[in-house]
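1. below is the structure, and that's it, no one-letter string:
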């Protein structure tokens, strides 16, 4: 009773081994029903001869099919197709070709916010710190780690926050996160209750809206004027869990929340189960003096403080942190554990050494001067081009400014992007919840532009057409 | 009307600058009400003289207090404390000392599951790949990136999955995550609906339970026998959204799900809004042959496939991935975006090159031989010590085995840990939902133990006392 095993064709030039080809062909024939349950398979010796391959290869293929339950050995010498191994929906086939990636439209000058000067990122130095960090890791650091991250980094951060920003926190109140985005999304998850509400600044950060919505929050807004958030505009509901704010450098308007307003805000939530989420995303770059004293310092138990290295070093580091009231720390660590276990240790070790060696503050000092020059060029050129027709907001800090154009509006697309003459820029409308009030303002991110690009970008900008 | 500014004491040995000391002392005096709203501050020249510091320092401190809204300049030359700047709850104070970290109890031999051999992690090589990766980054890669991660890594992964595991996926169906933990937690978030249910294997992974519960799922169990998950034991509810399974190497029992059971499982969910989450956490280390053909290949639109580099390289990499049906990919990317934006690019570039250069498969080959030797020693010693009193499960793959001790149970603590004679090991009970059925089984993780440690650990294990 000879068995003709017609379906196997061996291709010796293929990427796949002979074993893989034989195993896959038989498997596919079983799954697609060409080899029916109960059908006998040829003896390995015979199939090997037929296919002109070594018998070992065929035996390996049979072993694999056996391990995966596609074939069964019966009492005697027979090997046969297992029962219930036909799957009508199975489609074998060639690997599909990758579709070409969509090419994004390119602008040669993009006034994007929140991007630091990427060209001055110290690649060589950081590369050496990373390499050294790998070599320094111990077994524990290479294995499964604690969700809160490297103790030594948290200790150095605690010191830094005390020295530079005047917050007194212990290392064990700090959790290292994968960027401030994760610090915020875990915070949102931590405070979440069914049907709950978050208050966010309007205008505020576009990305923030998405994070809270994704976490299930209803949103209400706090108006934001020239001095930042206006506590009187906040309507606290029974389900309000948190107020998200950027008091050191309001995003996007750039104001510093005054002391009296801070106190008012804290008094507003004092006896309520409402917390402040303070996002201190770029306060290192303040051109008129040192960073602003955080809200966190005024009432540590009511404020969750979020920090990031994305602006001061690079977003590529993906290192941020949350400083939590001690009462929340265990729950937050649990959130982190079930979210992504812990953040990569090697870059935490590298960053710890980078700060310890003084490289970090050196870098901040250098970048601050650089950004200040860029800002000066930006403002100078804006005034040169638009004179009294503009008003500038938030020029004292950070990597962007907001410019109001009197009695002019811009043509922007549905994403509130102005795209013209190779220049890309966002309308402030992008960052609002209540639409329609800020069409006359553009937001100029300048961190990653050269001085020449800034000048050229402004000159190419056309208003009102 | 001379103003006596008694509260400032300058300490020239402190870590803080003179500016910081003066600024902080005045600020704290205002916040605590020692300086009342409306109180006049001394002229900068006078205060400088009094404190024996340069006038610039005092001016800087006043500027900062002014920027933060603690003081106001009135018409004339006066500077006075701003209104509403007293905050009754404010506590200034010295930095608290860090409490000492709790020292965990140490065992010298720990049979922990899921930890690869950390001593053979190629630190030097990986360090060089990291450094090279930093130098290779372009501006886009150093800035804000796409949530799905590096295209070239996803392309190489698509190739690897096709070649080694026989799954046909496009690079744009793959999202790089921070370890398989994140891949799973994002998947849980993606499929979540109010009141929904997940089916998990019992026994199954302890960590998995936490991830689903944290995501809000109710849990029901699929019994797991010697051939893995038993589809007949699954009760699908109207709110069941997913079945989580480890078909290539059931965790913790180690079985391969047979072809007929796979088909049965897929038919079970065919016309329902239920998905399979396939966790392929360590199938590279199969000692009897190549990795098992994933469930994903049988019905790509119904299966979400999760992979990880934690076992094959190191958990320290924090790189995993999810392979999604095309219909889910945009939502998954959005989940990732709002969770932590994207995973670190530098290690993705390093890993891409590591695979491209053949280092990855070389490492897997080497480790497989190493683990196989360890497994052989483990089984040999177990049989030597316990003879016929044990039954071994799951010895054909992975970094752990399960051992059933006939008519013996172990003394374990509330975390199902057996700790004796410096040996640490988990009871299988740790990984069960329905408690009480697996007290007679221990789970021997051996990936990170030397052959001598394995032998010594087994010899020190005492049963029944």
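-> Looks like it arrived, so ask away. Values in this document were obtained by computation on a predicted structure and should not be read as measured data.

2. first to last residue in stretch A:47-55, what's the distance?
-> Terminal residues of stretch A:47-55 are spaced 8 Å apart (Cα to Cα, to the nearest Å).

3. element containing residue A:375, please.
-> Following DSSP states H and E, one finds residue A:375 within helix A:359-386.

4. chain center to that helix, what's the gap?
-> Relative to its parent chain, helix A:359-386 has a centroid offset of 26 Å by Cα atoms, centre = their mean, to the nearest Å.

5. again with stretch A:403-422
-> Distance of stretch A:403-422 from its chain centroid, counting by Cα atoms, centre = their mean, is 27 Å.

6. neighbouring contacts of that stretch?
-> Here stretch A:403-422 makes contact (Cβ atoms under 8 Å, 6 or more residues apart in numbering or on different chains) with A:105, A:107-109, A:382, A:386, A:388-393, A:424-427, A:429-430, A:439-444, A:460-465. C-beta: built from backbone N, CA, C; applies to glycine.

7. cool, and stretch A:23-36?
-> Contacts for stretch A:23-36 (Cβ under 8 Å, 6+ apart): A:7-9, A:16, A:41, A:60-61, A:64-65, A:68, A:70-71, A:81-82, A:85-88, A:90, A:92, B:166, B:259, B:293, B:298.

8. give me the buried entries from these.
-> Buried members of the contacts of stretch A:23-36, counted by 16 or more other Cβ atoms under 10 Å in any protein chain shown: A:8, A:41, A:60-61, A:64-65, A:68, A:70-71, A:81-82, A:85-87, A:90, B:166, B:259, B:293, B:298.

9. so which of those residues sit within helices?
-> A:60, A:61, A:64, A:65, B:259 (DSSP state H).

10. and the gap between the first one and residue B:415?
-> In this structure, residue A:60 lies at 42 Å from residue B:415, with Cβ to Cβ, to the nearest Å as the measure.

11. spell out, range by range, the helices that occur in the stretch 1-150 of chain A.
-> A:18-31, A:44-51, A:55-67, A:123-136, A:139-142 (DSSP state H, counting those that start in this stretch).

12. which helices and strands sit right next to the second one?
-> Packed against helix A:44-51 by the contact rule (3 or more Cβ pairs under 8 Å, 6 or more residues apart in numbering or on different chains; DSSP states H and E) you find helix A:55-67.

13. same for the helix it packs on, what does it pack against?
-> Helix A:55-67 packs on helix A:18-31, helix A:44-51, strand A:71-73, going by 3+ Cβ pairs under 8 Å, 6+ apart.

14. just those: most buried one?
-> helix A:18-31 (a mean of 22; mean count of other Cβ atoms under 10 Å in any protein chain shown).

15. angle of it against helix A:55-67?
-> Following axes from the mean of the first three to the mean of the last three Cα atoms, to 10 degrees, one obtains 40 degrees for the angle between helix A:18-31 and helix A:55-67.

16. so chain A: which segments form each domain?
-> Under the assignment automatic domain parsing, the domains of chain A span A:18-95, A:109-115+A:362-463, A:138-358.

17. ramachandran angles for residue A:198?
-> With angles defined as degrees, to the nearest 10, residue A:198 sits at phi -120, psi 140.

18. circling back: out of the domains of chain A, which gets nearest to residue B:188?
-> Nearest of those to residue B:188, taken as Cβ to Cβ: domain A:138-358 at 9.1 Å.

19. end to end, how far does the closest one reach?
-> Start-to-end span of domain A:138-358 (Cα to Cα) is 24 Å.

20. for the stretch 251-400 of chain A, give me the ranges with low pLDDT.
-> Residue ranges of the stretch 251-400 of chain A with pLDDT under 70: none are present.

21. setting aside sequence neighbours, what's the nearest residue to the residue of it found nearest chain B?
-> Closest residue of the stretch 251-400 of chain A to chain B, Cβ to the nearest Cβ: residue A:258 (2.8 Å). Distances taken as Cβ to Cβ, 6 or more residues apart in numbering or on different chains place residue B:69 nearest to residue A:258, at 2.8 Å, with adjacent residues excluded.

22. what pLDDT does that neighbour get?
-> Listed pLDDT for residue B:69 reads 93.

23. report the longest strand in chain A, please.
-> Taking DSSP state E as the criterion, chain A has its longest strand at strand A:218-225.

24. from the chain's centroid, how far away is it?
-> Averaged C-alpha coordinates place strand A:218-225 at 24 Å from its chain's average position (Cα atoms, centre = their mean).

25. which parts of that strand are buried?
-> Of all the residues in strand A:218-225, those buried under the rule 16+ other Cβ under 10 Å are A:219, A:220, A:221, A:222, A:224.

26. and those as JSON lines, adding distance to chain B?
-> As requested, those are arranged in JSON lines below (distance: Cβ to the nearest Cβ, whole Å):
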{"residue": "A:219", "distance to chain B": "14"}
{"residue": "A:220", "distance to chain B": "19"}
{"residue": "A:221", "distance to chain B": "19"}
{"residue": "A:222", "distance to chain B": "18"}
{"residue": "A:224", "distance to chain B": "16"}
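
27. not counting its neighbours along the chain, what's nearest residue A:177?
-> Counting by Cβ to Cβ, 6+ apart, residue A:177 lies nearest to residue A:183, which is 4.2 Å off, once chain neighbours are set aside.

28. secondary structure element for the one you found?
-> helix A:179-191.

29. tell me, how many residues neighbour the nearest residue to residue A:397 once chain neighbours are set aside?
-> Distance criterion Cβ to Cβ, 6+ apart; nearest residue to residue A:397, sequence neighbours excluded, is residue A:286 at 4.2 Å. Here the count is done by other Cβ atoms under 10 Å in any protein chain shown, and residue A:286 has 20 residues near it.

30. next up, the contacts around residue A:286.
-> Per Cβ under 8 Å, 6+ apart, neighbours of residue A:286: A:248, A:249, A:292, A:396, A:397, A:398.

31. switch the cut-off to 10 Å
-> Contact analysis of residue A:286 by Cβ atoms under 10 Å, 6 or more residues apart in numbering or on different chains lists A:248, A:249, A:256, A:292, A:368, A:372, A:396, A:397, A:398, B:64, B:67.

32. so what does it have for phi and psi?
-> According to degrees, to the nearest 10, residue A:286 has phi -110, psi 130.

33. if I look at residue A:415, how far off is chain B?
-> Distance from residue A:415 to chain B, counting by Cβ to the nearest Cβ, to the nearest Å: 15 Å.

34. about what we covered before: looking at the contacts of residue A:286, spot the one nearest residue B:155.
-> Using Cβ to Cβ, residue A:398 comes nearest to residue B:155 of the contacts of residue A:286, at 37.1 Å.

35. quick revisit: return the set of buried residues in the helix holding residue A:375.
-> For helix A:359-386, the neighbour count (16+ other Cβ under 10 Å) marks A:359-360, A:363-364, A:367-368, A:370-371, A:374-375, A:377-379, A:381-382, A:386 as buried.

36. pick out the most distant pair among these.
-> Maximum distance among these (Cβ to Cβ): 39.8 Å, for A:359 and A:386.

37. ok so, going back, what about the residue of the stretch 251-400 of chain A closest to chain B, how many residues nearby?
-> 20.

38. tell me who's in contact with it.
-> A:227, A:228, A:247, A:264, B:67, B:68, B:69, B:70, B:72, B:82, B:84, B:85.

39. no further queries at this time; thank you.
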